[in-house]
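Asks: Return a 3D structure for these sequence lines:
(one chain, ligands or ions: 1)
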Amino acid sequence: MKLVTFTDATGAAPRVGVADDGTGEVRDVSELLPAGAGVLEVIEDWSTLGPVLAERAPSLAARPLDSVRLLAPIPRPRRNVFCVGKNYRAHVAEFGRSGYDRPDRSEDLPEHPVVFSKATTAVTGPFDDVLAHAGVTSELDYEAELAVIIGRGGRGISREAAFEHVWGYTIVDDVTARDLQRRHSQWLLGKSLDTHCPMGPYAVSADEIADVSALQVESSVNGEPRQSAPVKDLIFDIPELVATISAGITLEPGDVIATGTPAGVGIGFDPPRFLAPGDVVEISVTGLGRQRSRIV
Ligand SMILES: NC(=O)N[C@@H](O)C(=O)O
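Replies: The predicted model follows:
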């Protein structure tokens, strides 16, 4: 099932929808949910609400997806956004060559997952504008990523049990201010400027994805292809990431784990190709839809 959080032109309170990629339609299912429930509450109570939505949503009125404004499926600031750096071999190499991470230009693979987080205030919708933040950064970059959405929370989750805790998947653009990332050592500031976490369009339940490792993560800038890699190229796979993060941190339903970005980001070019106002970044992951952000 593809869940969305949307609002309409009136700017009314966000609604929960079930989207159909094929027909390009969305059904407002809020009336089937407890009052005030959002996608997060649906995920929290999926064993009850999932079957209700599956049975009753198809009989509700449909409207075109492009007639509504899609917000991030789990709008801010509800849950953690964990991220993983340097998790595709070719990206580790381009990152190392650029010298952004370490002045010695090391291309060594990480021995353990490089986990950081984005401030939840950075989360924005999948078609919202991304702010260039002129005066704060002059080195804006894009990072297409598959993101995992946690369903059942927990601490000390084993690799073997990891997928039992995964509710589903979405897309995250881990937008990065490279100069801040470099200058401040810790990545939080460089990764967390307002609007620098476009998420969605859909929260897709895991039962829709036959083999997550086969999904292809892709990005383009102004129509020019930049990134393309299968999820099976991850250095640390999803079970490893869930086990590592949850070893001492309680994961909660709705927490998002962005799994890392493939090669082809702006700093991978020589000279780097940073984003500028007017640029349009498109990101897709097989089966999870496509997001489109304009830099302003
Ligand atoms: N998310 C992710 O892959 N991050 C990095 O490795 C990076 O900042 O380039």
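Asks: Quick check: closest non-adjacent residue to the residue in the stretch 1-150 of the chain that the ligand sits nearest to.
Replies: Of all residues in the stretch 1-150 of the chain, the one sitting closest to the ligand is Gly85 (3.5 Å; C-beta to the nearest ligand atom). To be clear about C-beta, it is placed using only N, CA and C from the backbone, and glycine gets the same treatment. By the measure of C-beta to C-beta, 6 or more residues apart in numbering, the closest residue to Gly85 outside its immediate chain neighbours is Val114, 3.9 Å from it.
Asks: Now do the residue of the stretch 1-150 of the chain closest to the ligand, the pLDDT please.
Replies: The per-residue pLDDT reported for Gly85 equals 96.
Asks: Which residues are in contact with it?
Replies: 110, 114-116, 187, 260 (C-beta atoms under 8 Å, 6 or more residues apart in numbering).
Asks: ok, it to Asp270 distance?
Replies: Gly85 is 20 Å from Asp270, where distance means C-beta to C-beta, to the nearest Å.
Asks: Repeat that for Phe95.
Replies: Distance from Phe95 to Asp270, counting by C-beta to C-beta: 13 Å.
Asks: Ok, Phe6 next?
Replies: Counting by C-beta to C-beta, the gap between Phe6 and Asp270 amounts to 41 Å.
Asks: And Glu164, by the same measure?
Replies: In this view, Glu164 and Asp270 are 44 Å apart by C-beta to C-beta.
Asks: Look at the two and report which has more neighbours.
Replies: Neighbours were counted for Glu164 and for Asp270 using other C-beta atoms under 10 Å; Glu164 has more, 13 against 9.
Asks: what does the model give the more buried one for pLDDT?
Replies: In this prediction, Glu164 carries a pLDDT score of 98.
Asks: Which residue, other than its chain neighbours, is closest to it?
Replies: For Glu164, the closest residue by C-beta to C-beta, 6+ apart turns out to be Arg152, at 6.6 Å.
Asks: phi, psi of that neighbour?
Replies: Dihedral angles phi and psi of Arg152 (degrees, to the nearest 10) take the values phi -100, psi 130.
Asks: Okay, and the beta partners of Val204?
Replies: Under DSSP bridges, the beta-bridge partners of Val204 are Lys2, Tyr169.
Asks: hang on, isn't it packed against Val4?
Replies: No - under the criterion of C-beta atoms under 8 Å, Val204 is not in contact with Val4, lying 10.2 Å apart.
Asks: Give me the contacts around the host helix or strand of Gln291.
Replies: Secondary structure here is read from DSSP states H and E; on that basis Gln291 sits in strand 289-294. Among residues not part of strand 289-294, those counted as contacts by C-beta under 8 Å, 6+ apart are 2, 21, 126-130, 171, 173, 198, 200-202, 204, 278-284.
Asks: buried stuff in that strand?
Replies: For strand 289-294, burial by neighbour count (16 or more other C-beta atoms under 10 Å) applies to 289-291, 293.
Asks: Could you list the paired strands of that strand along with their orientation?
Replies: Each strand pairing with strand 289-294, determined using DSSP bridges, is listed with its direction: strand 280-285 (antiparallel).
Asks: Quick check: residues of the stretch 101-250 of the chain near the ligand?
Replies: Taking C-beta under 6 Å from any ligand atom as the criterion, the neighbours of the ligand within the stretch 101-250 of the chain are 143, 174, 176.
Asks: And Leu251, how close does it get to the ligand?
Replies: In this structure, Leu251 and the ligand are 19 Å apart, going by C-beta to the nearest ligand atom, to the nearest Å.
Asks: the more surrounded of Val204 and Val4?
Replies: Val4 (28 against 25).
Asks: My reading is that that one lies in a helix. Confirm?
Replies: No - under the criterion used here (DSSP: H, G, I helix; E, B strand; the rest coil), Val4 is strand, not part of a helix.
Asks: Number the chain from 750, please
Replies: Let's use 750 as the start, then, which means that last one is Val753.
Asks: For the closest residue to it other than its chain neighbours, name its beta-bridge partners.
Replies: Beyond its immediate neighbours in the sequence, the residue positioned closest to Val753 (C-beta to C-beta, 6+ apart) is Gly766, lying 4.5 Å away. Each beta-bridge partner of Gly766 is listed here, defined by DSSP bridges: Val753, Asp777.
Asks: Report the contact partners of Gly766.
Replies: With contact set as C-beta under 8 Å, 6+ apart, Gly766 has these partners: 752-755, 775-778, 817.
Asks: The same query, at a cut-off of 10 Å, please.
Replies: Contact analysis of Gly766 by C-beta atoms under 10 Å, 6 or more residues apart in numbering lists 751-755, 774-779, 788, 806, 809, 811-812, 814, 817, 819, 822, 951.
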